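> here's a sequence, model it:
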Amino acid sequence: MKRNYLIFVVILLTTLSIINAVYVPLRKRATDFTNCSANITSSFDLVSNANPPASGTFGLVSLTVNQIPKDIEKVKFTTDLQDPDGKSLKGFPVDADGCVFVGVKCPIQAGSRFSVTYPVDIPVNAPAKYTLLVILSDDTNGIEIVCSGLVATVKTEQPDTSSSTEPYGTITKEPNSPGFKPIGSMERIPFGIPVKR
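Numbering: from 1, shown residues only. Okay, here's the model as predicted:
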């Protein structure tokens with residue numbers, strides 16, 4: 001009797017292991033975008049020692065909202081990195097609990113100024129041109145408060161730094177100075193917030 005029970009358990013566990021190992025692709029729905037609210041004043045920046053950050057490095061996202069339009073019980077940040085075709089890179093979008101960030105105290109009152117800086121890892125498979133999207137929302141009800149984005153273009157060749165005293169990747173305030181060679185560019189883009197279908 002115990003032997004039959006043991007055989008049954010072994011067969012059951014083997015079957016469950018095989019079922020667990022089977023690859024089942026997930027179906028992803030397309031994301032539609034609508035316009036952000038025009039009355040929200042925010043500034044958004046991506047900074048790093050290489051500006052913009054290249055693949056395999058990290059950058060610091062700085063988001064400042066001059067006036068929060070409504071109370072936020074629990075802050076959520078959604079960060080997305082997309083290729084030029086608008087497809088999210090592997091591992092993105094990423095959601096983060098903003099209430100655990102240093103200097104952020106939840107709930108946040110309407111009308112207050114909000115500023116936060118947090119790291120974003122740029123994956124090794126990131127293309128030379130990518131779009132970084134940031135959405136600030138209230139995690140308790142899913143309402144998007146602020147959204148912003150930028151396009152980063154990273155040049156693959158390293159600049160000639162032999163005549164420059166600046167470290168590699170630093171963009172100075174004087175672009176016409178001797179030895180100045182920017183390694184990339186960033187431009188702001190208007191975009192919307194994701195809408196669930």
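> show me what G149 is bridged to.
Beta-bridge partners of G149, counted by DSSP bridges, are L133.
> surely it and L132 touch.
Yes. Under the criterion of Cβ atoms under 8 Å, G149 makes contact with L132 at 6.4 Å. In short, each C-beta sits where N, CA and C put it, glycine included.
> more neighbours: which of these two?
For G149 versus L132, the count of surrounding residues by other Cβ atoms under 10 Å is larger for L132: 24 against 19.
> gap between that one and A96?
Computed as Cβ to Cβ, to the nearest Å, the L132 to A96 distance reads 14 Å.
> over to I72?
From I72 across to A96, the span is 14 Å (Cβ to Cβ).
> what about those two, which has more around it?
For I72 against A96, the residue with the higher neighbour count under other Cβ under 10 Å is I72, and the figures read 25 against 14.
> can you pull the contacts of the more buried one?
106-108, 138, 145 (Cβ atoms under 8 Å, 6 or more residues apart in numbering).
> looking at strand pairing, list the partners for it.
The residues paired with I72 through beta bridges, assigned by DSSP bridges, are I108.
> pLDDT score for it?
According to the prediction, I72 has pLDDT 86.
> same thing with I7?
Listed pLDDT for I7 reads 90.
> am I right that it is in a helix?
Yes. Going by DSSP: H, G, I helix; E, B strand; the rest coil, the assignment for I7 places it inside a helix.
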